[in-house]
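K.L.:
Here you go, sequence then predicted model.
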Amino acid sequence: QAVITLSCLVMAMFMLTGAKVGDILGRRRAFVIGLVVYGIGSAVTAVSQTVVQLALGWSVLEGLGAAMVMPALAALIAGNFEGASRKAAYAVIGGVAGAGIAVGPILGGWLTTNLTWRLVFAGEVVIVIVLLLFAGALHEKLREGEKPRIDWLSAALSALGLSIVVLAVLQSSSWGWIDPRNPPFEVLGFSPVPFLVAAGLALLYWFASRQRDLEERDAGPLVRLSMLRNPVLGSGLQMFCAQNLILLGIFFTIPLYLQVVQGFDAFETGLRMLPVSVAMLITGGLGGRLSSRIAPRRIVRAGLLAVAVAVAMLLGTIDPQIDDTAFAVAMTVLGLGMGLVASQLGNVVQSAVGESERSEAGGLQYTAQQFGAALGTALIGAVLISGLINNFGEAINSNGAITDETKTEVGVRLEGDVSFVSATQIRDTAEAAGLDDAEADEVVGEYEDSQLQALKTALLVAGLIVLASLAGTRNLPREPFADEAAPA
C-alpha cells in the first residue's frame, strides 16, 4: 500500500514539471526519455528483492517516467493527427486507458496466482521496448521562439503542494478526516489530514501567485494559468478529474464486494470486471466517430447518465449471493458510459489550446486525473469504512442476543484501525475471544449485513457524484467537431 501511495505521489509531484521538460527537450525526446526511465523502473521492480528496491523501481522510476510520457503523449497525438483521425486517436487512448484499469486485475491476477507477479513488470519492459521501436514514426513541429526554461521554485512549490494534498487525501481513510484513527501523529488532538490539506493548498496558492507574476512579466511560468480562463479547457479538466474520481471510486468498491464478500480470487474478480473493459474499448473506438455528428457535451452527458444507470443496477446486485448475469449487464453498461466519457475528453482539452500550449494542457490534464483518482479512492474508501463502523456498531448494540460484554468489546475495537475484512475473519476473531457458537453467529450475521449496507452506501455516493458531475459539462463543446480540422 505504501509503495502504491508513493507512486501516486511521484506522478502528482512531477506531472507539471514533466510537461515543461517536453517543451524544453522536445516532446518526442521527452516521450522517449520517459519511456526509457519507465522501462528501467519496471526492470528494477521485476528483479527487486526488498521493499526499498520495489519502491525505487515501481514508485520512483516508473512515476518519474510516467510524468514525462503522459503530457508528451497528449501533445504528440494533437501534433500527429488532425480532424477525424485526431478524434479517433484520443477516443482510442481514452478507451484503452480506462479499460486497462479493469484488464489489469485479470492479467495481474492470473500471473500472480499461476506464475509470479514479477512477470507483470517484465511484460511492461517488453511493451516499452516495442513502443521505443515505433517512437521514430512520431512527428513534431519545430518550436519557434526562445527555448523555455524551468522555474525551479515553481516546480518545487507545485511538487510539494500537490504531493501533500494527494498524500493527505489518500491516507484520509486510514488516518481519519477529522477524528484521529491511528495516524502517525496528531495535531491538537485531531487527525493530521485537514492540516496537511490546508498546508498543501497554501503552497499551491503560493505557486499560483508566482505563476501569475511570472506570466505578467513574460518570465517563463511553469504553467500559464491564464489558460484556465478558457471555459472549454476548464470544463474538460473538471471532467477528467470527475472521470477518474468516479471510475476509481467504483473500482475501489466492486473488488471488495467480489473478493471479500464473495470470496473470489484476483483472477475470478478480473473476469467479472471484464465486461467493463470490453465495453470501454468498443465505445472508445466509436466515440471519435460520434463526435463528428453529435456534440461532445451531449456524448459526455449521455455517458454520465449511463454510468448513473449502471450504479443503480449495481446497487441491485450487491447481495450475499451474486447474480452473475445481472452483474455482468451492470458492468457492461458502466463500461459503455465511461467509454463515452473517456472518448471525448482528450480531444476536447487539446483542441481548446494552441500548439505552444499543448504540453502544459497535457500536464494539467494528467494532474487532474491523478487528483481525481486519489480523491475517488479516498472519498469512497472513507464512506465505506465509516458506513461499516456505524452500521456494525448500531447493529451490535441493538441486538438483544449479544451480551453487554461483547458489545463493549466490539465498541472498543471499532474505535481502532478498522479494515474491510471477510466474515470468516470476524468469525475467527469471535471464536478466539471465547464467544459461543450462537453469539458468534449473531455477530457474524450483523457484520455481513453491515458489509453489504456499507458497500451500497459507497456506491450510492459514487452515483450522486456522477449526477453532480453533469454540472461540469456546461462548457464542453456544443457543436460536433468537424472532420476536416479539429478546432485549435
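P.N.:
In hand now; what should we look at? Numbers count the residues shown, from 1 in each chain.
K.L.:
tell me the contacts of F264?
P.N.:
L258, R272 (C-beta atoms under 8 Å, 6 or more residues apart in numbering). No exception for glycine: its C-beta is placed from N, CA and C like everyone else's.
K.L.:
can you rerun that using 10 Å?
P.N.:
By C-beta atoms under 10 Å, 6 or more residues apart in numbering, F264 lies in contact with G109, P255, Y257, L258, G270, L271, R272, I322.
K.L.:
next one: V169
P.N.:
8, 177, 193, 196-197, 200, 371, 373-379, 382.
K.L.:
now R293, what's its secondary structure?
P.N.:
coil (DSSP: H, G, I helix; E, B strand; the rest coil).
K.L.:
Chain neighbours aside, what residue packs nearest to it?
P.N.:
P480 (5.6 Å; C-beta to C-beta, 6 or more residues apart in numbering).
K.L.:
next one: E186
P.N.:
Using C-beta to C-beta, 6+ apart, the nearest residue to E186 is P180, at 5.0 Å.
K.L.:
Tell me how many other residues surround the nearest residue to W177 once chain neighbours are set aside.
P.N.:
The shortest distance from W177 to any residue other than its chain neighbours is 5.5 Å, reached at V193 (C-beta to C-beta, 6+ apart). V193 sits with 26 neighbouring residues when counted by other C-beta atoms under 10 Å.
K.L.:
before we move on, the earlier item: list just the nearest of the contacts of V169 to A156.
P.N.:
Among the contacts of V169, G200 lies closest to A156 (C-beta to C-beta), at 13.2 Å.
K.L.:
Identify the residues contacting that closest one.
P.N.:
Neighbouring residues of G200 by C-beta under 10 Å, 6+ apart: L160, G161, L162, S163, I164, V165, V166, L167, A168, V169.
K.L.:
give me the element it is part of.
P.N.:
Element membership of G200 [criterion: DSSP states H and E] is helix 193-216.
K.L.:
List the buried residues of that helix.
P.N.:
Neighbour-count burial for helix 193-216, counted by 16 or more other C-beta atoms under 10 Å, picks out 193, 196-197, 199-200, 203-204, 206-208, 210-211, 214-215.
K.L.:
JSON lines please, covering the residues you listed and showing distance to V418 and pLDDT.
P.N.:
Below are these laid out as JSON lines (distance: C-beta to C-beta, whole Å; pLDDT from 0 to 100):
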{"residue": "V193", "distance to V418": "16", "pLDDT": "90"}
{"residue": "L196", "distance to V418": "21", "pLDDT": "93"}
{"residue": "V197", "distance to V418": "22", "pLDDT": "91"}
{"residue": "A199", "distance to V418": "27", "pLDDT": "94"}
{"residue": "G200", "distance to V418": "26", "pLDDT": "91"}
{"residue": "L203", "distance to V418": "32", "pLDDT": "94"}
{"residue": "L204", "distance to V418": "31", "pLDDT": "91"}
{"residue": "W206", "distance to V418": "37", "pLDDT": "94"}
{"residue": "F207", "distance to V418": "36", "pLDDT": "92"}
{"residue": "A208", "distance to V418": "37", "pLDDT": "92"}
{"residue": "R210", "distance to V418": "42", "pLDDT": "92"}
{"residue": "Q211", "distance to V418": "41", "pLDDT": "89"}
{"residue": "L214", "distance to V418": "46", "pLDDT": "89"}
{"residue": "E215", "distance to V418": "47", "pLDDT": "86"}
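K.L.:
need these in a markdown table with distance to I250, can you?
P.N.:
Compiled in a markdown table, those are given as follows (distance: C-beta to C-beta, whole Å):
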| residue | distance to I250 |
| --- | --- |
| V193 | 23 |
| L196 | 26 |
| V197 | 24 |
| A199 | 30 |
| G200 | 26 |
| L203 | 31 |
| L204 | 28 |
| W206 | 35 |
| F207 | 31 |
| A208 | 31 |
| R210 | 37 |
| Q211 | 34 |
| L214 | 39 |
| E215 | 38 |
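K.L.:
among those residues, which two are most distant?
P.N.:
Longest span within these, C-beta to C-beta: V193 and E215, 32.4 Å.
K.L.:
The residue nearest to R293 falls within a helix, correct?
P.N.:
No. Counting by three-state DSSP, P480 falls outside a helix, being coil.
K.L.:
separation between it and G284?
P.N.:
Per C-beta to C-beta, to the nearest Å, P480 is found 18 Å from G284.
K.L.:
the more surrounded of those two?
P.N.:
G284 (26 against 16).
K.L.:
tell me which element that one is part of?
P.N.:
helix 266-290.
K.L.:
what's that helix packed up against?
P.N.:
Here helix 266-290 touches helix 83-114, helix 231-256, helix 296-317, helix 324-351, going by 3 or more C-beta pairs under 10 Å, 6 or more residues apart in numbering; DSSP states H and E.
K.L.:
Pipe these into JSON lines and attach mean neighbour count, mean pLDDT and distance to A433 per row.
P.N.:
Shown next, in JSON lines, are these (neighbours: other C-beta atoms under 10 Å; pLDDT from 0 to 100; distance: least, C-beta to C-beta, whole Å):
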{"stretch": "helix 83-114", "mean neighbour count": "20", "mean pLDDT": "67", "distance to A433": "33"}
{"stretch": "helix 231-256", "mean neighbour count": "24", "mean pLDDT": "89", "distance to A433": "25"}
{"stretch": "helix 296-317", "mean neighbour count": "21", "mean pLDDT": "93", "distance to A433": "33"}
{"stretch": "helix 324-351", "mean neighbour count": "24", "mean pLDDT": "89", "distance to A433": "35"}
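K.L.:
Using a markdown table, please lay out these together with distance to G26.
P.N.:
Output for these, formatted as a markdown table (distance: least, C-beta to C-beta, whole Å):
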| stretch | distance to G26 |
| --- | --- |
| helix 83-114 | 20 |
| helix 231-256 | 23 |
| helix 296-317 | 30 |
| helix 324-351 | 18 |
